[in-house]
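[1] Give me a model of this one.
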Amino acid sequence: MSEMKAIATPKRTKDILEKYGFAFKKSLGQNFLIDVNILENIVDHAGVTEGTGAIEIGPGIGALTEQLAKKADKVLAFEIDQRLLPILQDTLEPFPNIRIIHQDILKADVHEVIKESFAKGQPIHVVANLPYYITTPILMNLLMENLPIDSITVMIQKEVADRMAASPNNKSYGSLSIAVQYYTEAEVVMDVPKTVFMPQPNVGSAVLRLSMRKEPPVKVDNEPFYFDIVRACFGQRRKTIMNNLSRHFKDRFDKDTIREGLQKAEIDEKRRGESLNMEDFARLANVFYSML
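    Below is the predicted model of the structure:
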């Protein structure tokens, strides 16, 4: 297909939407990309090449799907909006290596779909322009499922991308940064202007690349407890760890016990959550877990 005929142009997108009388649904957070260069950059950043498999979430009218199909061995796309299925069948007809699955990614058995669609050991990359209202649940679900994937590259709200990739002592750094970076190495690879979307979103966008870790970067005795401690320490950002933990453990430990735990973990009680790195939190969680 020549560049002129690509789906991701303002004219072709308008023509497709008019042909099918398609109206955007606010509730589904639909914003379609209308810039081929941006899409090609996303595919490049995602590391999609001829030997790889790609999984897309929310293909819309197929703009990103088309660019993925040009490079990938096979593309699986999960679409929740039934109205888009006939459009996708039409726009993506030239590509035999695409399979559209009409299902909510949060309810799908992605392990099973991967097993039946891709070769064993084949590199797989998740690539998507995600609806902004449901970004975090989708990403956390993918990360916690322990899927055989290599990376996740997503267009999301810039503020959320910054939070997921933030390091300590940064105002964007919080429990979400740690949850994402426990499973992946996170990097914001490009900012994206509002003008490349139809309709234009109200917020800035960025592309976040998450490279899956083989092992978490820290050793913790109990993962749910680790994340619980992290959330507790960020409970009230301006308060010290001592204050936040006292509040969190008020039914279990008195202040002296909490002070003792902080000393064992070698963490100053006057510090705030945003100054702790993942190793600090791991020591903290392991000490308090042993005290339960």
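[2] Now for L143: which residues touch it?
    Applying C-beta atoms under 8 Å, 6 or more residues apart in numbering, we find L143 in contact with 152, 179-180, 183-184, 210. No exception for glycine: its C-beta is placed from N, CA and C like everyone else's.
[3] nearest to E93, of those residues?
    For those, the minimum distance to E93 (C-beta to C-beta) is 27.8 Å, reached by I152.
[4] before we move on, back to that, okay if I get the contacts of L143 as CSV plus neighbour count, pLDDT and distance to Y133?
    Putting these into CSV (neighbours: other C-beta atoms under 10 Å; pLDDT from 0 to 100; distance: C-beta to C-beta, whole Å) gives the following:
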residue, neighbour count, pLDDT, distance to Y133
I152, 27, 98, 18
A179, 20, 97, 19
V180, 23, 98, 18
Y183, 20, 98, 22
T184, 23, 98, 22
L210, 23, 98, 19
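[5] could these go into TSV alongside distance to T13 and secondary structure?
    TSV is the format used below for the contacts of L143 (distance: C-beta to C-beta, whole Å; DSSP: H, G, I helix; E, B strand; the rest coil):
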residue	distance to T13	secondary structure
I152	25	strand
A179	35	helix
V180	31	helix
Y183	34	helix
T184	32	strand
L210	28	strand
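[6] how about those residues, which pair is most distant?
    I152 and A179 (13.7 Å).
[7] Mind jotting down where the helices sit in the stretch 1-150 of the chain?
    10-20, 36-46, 63-71, 85-91, 110-117, 135-144 (DSSP state H, counting those that start in this stretch).
[8] Quick one: mean pLDDT for the first one?
    So that's helix 10-20. When pLDDT is averaged over helix 10-20, the result is 95.
[9] Now do the helix ranked longest in the chain: which elements does it pack against?
    In the chain, with assignment by DSSP state H, the single longest helix is helix 278-291. Packing partners of helix 278-291 (3 or more C-beta pairs under 8 Å, 6 or more residues apart in numbering; DSSP states H and E): helix 175-183, helix 223-233, helix 255-264.
[10] name the helices or strands packed onto the shortest one?
    By that I understand helix 175-183. Against helix 175-183 (3+ C-beta pairs under 8 Å, 6+ apart) you get helix 135-144, helix 158-165, strand 205-212, helix 223-233, helix 278-291.
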